[in-house]
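1. this one's sequence-less:
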């Protein structure tokens, strides 16, 4: 399977699960607006981009993990993830963009993304549990945006826990923990 194209699909009441498709390089779900439960994309060796231009809400979990060729994730109109959003172990990922995302019901995790230099979550106002950014190449300015939002959202709960590990500038190989 090299390509998945469902241009008229607007809603999935259950889950979307793409896993262990070594030849999958194209995912075209341009009209998909809503996923009732979970979005799993994992271990698809040739997938280079996840672009879901119409996806607005996911009723449970978004998990994108262990896709060794994945370079970008673009979710321009995603507003709500009712449980967790986790992007982990994608070695070539450089950018995650969900500029309209307002609410993550549980955890927001960006972890083990050694080339990640851009994360756009400009509308994010609520994370129900933990915000974790670990082992990425995000600049201090991007990380400070997460920390500032955590302190400045008035009258709203934003993350019970904030954990940020950044790569050290020295060659020690040990992560440093930021207490922002």
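-> The structure has been received and is ready for your questions. As the structure is a computational prediction, the values presented were derived from the model and not from experiment. Numbering: from 1, shown residues only.
2. Flag the shaky bits of this protein, pLDDT-wise.
-> Confidence mapping of the chain against pLDDT under 70 gives the ranges 140-180.
3. Now do the helices in it.
-> 140-152 (DSSP state H).
4. Point me to the residue sitting closest to the centre of it.
-> Residue closest to the average C-alpha location in the chain (C-alpha atoms, centre = their mean): residue 87, at 4.5 Å.
5. In space, what's closest to it - neighbours in sequence excluded?
-> residue 64 (4.9 Å; C-beta to C-beta, 6 or more residues apart in numbering). Glycine gets a C-beta too; all of them are placed from N, C-alpha and C.
6. Residue 50 is in contact with the one you found, correct?
-> Yes - in this structure, residue 64 is within contact of residue 50 by C-beta atoms under 8 Å, at 6.2 Å.
7. For those two, list the residues in contact with both.
-> Residues touching both residue 64 and residue 50 by C-beta atoms under 8 Å, 6 or more residues apart in numbering: 41, 70, 73.
8. out of the residues you listed, which are inside strands?
-> Per DSSP state E, strands hold the following members of the shared contacts of residue 64 and residue 50: 41, 73.
9. Residue 16: which of the shared contacts of residue 64 and residue 50 is nearest?
-> residue 41 (8.1 Å; C-beta to C-beta).
10. ok, now which ones touch the closest one?
-> Counted by C-beta under 8 Å, 6+ apart, residue 41 has contacts 18, 19, 27, 47, 50, 63, 64, 65, 67.
11. Apply 10 Å and report the result again.
-> Taking C-beta atoms under 10 Å, 6 or more residues apart in numbering, we find residue 41 in contact with 16-19, 21, 24, 27, 47, 50, 52, 62-67, 70, 73, 87, 90.
12. same question, residue 14
-> 35, 36, 37, 38, 59, 60.
13. Mind doing that once more with 6 Å?
-> 36, 37 (C-beta atoms under 6 Å, 6 or more residues apart in numbering).
14. quick one, phi/psi of it?
-> phi -100, psi -120 (degrees, to the nearest 10).
15. what is residue 19 paired to in the beta sheet?
-> residue 42 (DSSP bridges).
16. just checking, it touches residue 42?
-> Yes - Residue 19 is within contact range of residue 42, at 5.1 Å (criterion: C-beta atoms under 6 Å).
17. Settle it for me: which of those two has more neighbours?
-> Higher neighbour count among residue 19 and residue 42: residue 42, with 18 against 13, using other C-beta atoms under 10 Å.
18. Distance of the more buried one relative to residue 23?
-> According to C-beta to C-beta, to the nearest Å, residue 42 stands 15 Å off from residue 23.
19. My read is that residue 58 contacts residue 35, right?
-> Yes - with contacts counted by C-beta under 6 Å, residue 58 reaches residue 35, the gap being 4.7 Å.
20. Thank you kindly, that will do.
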